[in-house]
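**Q** Turn this into a model:
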Amino acid sequence: MITERSVFSRLFNGLNLILLIILMLLCLLPIWYTLSISLSDKAAASAGQVFLWPKGFTWGSYMTIMEDGQFFKSFFTSVKRVVYGTAIAFFVILLMAYPLSKTPKEFRPRNIIMWLLVFAMLFNGGLVPWYLTMQTLGMTNNIWGLVLGGGLPVFNVILVMNYLRNMPKEMEESAMIDGAGPWRILFSICLPLSVPVLATIMVFTIVYHWNEFFQALVLMNKSEHYPLQSYIRQVAVVIDPTRMDEESVKRMSVLSNQTLNAAKIFISMLPLLVIYPFLQKYFVKGITLGSVKG
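**A** Presented below is the predicted three-dimensional model:
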């Protein structure tokens, strides 16, 4: 047991700590800057005077967003997209990764399917054929076009497949001796032991569905069908002057599209900032074990 560390060891640990703190601050700085902009008035934000602290502190941007019905409609569209997309991705990925984790002797089409998956991951048919396919399937102007439009996440399938391949074969053999079939083995043995990699692909899937904006711009003809990120891409908040009272006019005098957009971006980041800490403890283990080929 080492009780004392050398000077160079302590110096190395100290430099590592300083470097990690710097990296942490660099990651937090854009979030803090966005928050500062959203809480500043129009003049300070437009003049570039806001950096670490808000200038001309005001809640006006957030009050205006609370009155914007389209923002919350887009927010709940994104929530539905994440819930549906994550559930479907879990089901499809698990059912595809489990047979692909077997050897060619156990699952004969394995190698052919793997080559097709890798080819599909590297190449695609292009935007126009994709749109025509989605239109033919009736997936325009509805939530299912956003949920299913991304196709099968092949990278996530490979992660789960390699994770399952690293599991001890003796567990499956014991279950088969006891009379368990493939479905029982999958849901009673493989699924409970795959929590780290499943949490990892959950993070990937949630981030993808929450942040993706381009598909809605192609598939949706009306802005009211947009998810949150596609709505945020619009430069200005639509305001009806006929419904503005004296307080609203006063509040708009200290706001700009820059402060409003900063407030929208910060609100859109909050769900991911809340979810990630609960899944982070599985993240490193899941992606490391899932990337090792057995």
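**Q** Which parts of whichever strand or helix holds residue 20 count as buried, going by neighbours?
**A** In this structure, residue 20 is located in helix 7-38 according to DSSP states H and E. Neighbour counts over helix 7-38 (16 or more other CB atoms under 10 Å) mark 34-38 as buried. (Each C-beta comes from the backbone N, C-alpha and C, glycine too.)
**Q** same check, this time on stretch 151-167
**A** 153-154, 156-165, 167.
**Q** sorry, back to before: CSV for the buried residues of helix 7-38, including pLDDT and distance to residue 70?
**A** As requested, the buried residues of helix 7-38 are exported to CSV (pLDDT from 0 to 100; distance: CB to CB, whole Å):
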residue, pLDDT, distance to residue 70
34, 87, 21
35, 88, 23
36, 88, 25
37, 86, 22
38, 84, 18
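**Q** returning to what we had before: downstream neighbour of the helix holding residue 20 in the secondary structure list?
**A** Immediately after helix 7-38, counting by DSSP H and E, sits helix 42-46.
**Q** I'd like the distance from that next one to the chain centre, please.
**A** 31 Å (CA atoms, centre = their mean, to the nearest Å).
**Q** Just the CA atoms of it, as PDB, please.
**A** Extracted in PDB, the C-alpha atoms of helix 42-46 (Å, rounded to 0.1, in the frame of the first residue of the first chain):
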ATOM      1  CA  LYS A  42     -32.000  44.700 -25.600                       C
ATOM      2  CA  ALA A  43     -29.400  47.500 -25.500                       C
ATOM      3  CA  ALA A  44     -26.700  45.600 -23.600                       C
ATOM      4  CA  ALA A  45     -27.200  42.400 -25.700                       C
ATOM      5  CA  SER A  46     -27.100  44.300 -29.000                       C
END
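**Q** Mind jotting down where the helices sit in the stretch 151-294 of the chain?
**A** 154-165, 169-177, 182-185, 191-193, 195-211, 214-219, 228-232, 246-252, 257-291 (DSSP state H, counting those that start in this stretch).
**Q** my read: residue 35 touches residue 266, true?
**A** Yes. Counting by CB atoms under 8 Å, residue 35 does reach residue 266; the two are 5.4 Å apart.
**Q** Nearest to residue 77, out of the helices of the stretch 151-294 of the chain?
**A** helix 228-232 (7.1 Å; CB to CB).
**Q** Against which helices or strands is the closest one packed?
**A** Contact partners of helix 228-232 among helices and strands, from 3 or more CB pairs under 8 Å, 6 or more residues apart in numbering; DSSP states H and E: helix 69-100, helix 195-211, helix 214-219, helix 257-291.
**Q** Tell me which of those lies nearest to residue 52.
**A** Between the helices and strands packed on helix 228-232, helix 257-291 lies closest to residue 52; by CB to CB that is 14.4 Å.
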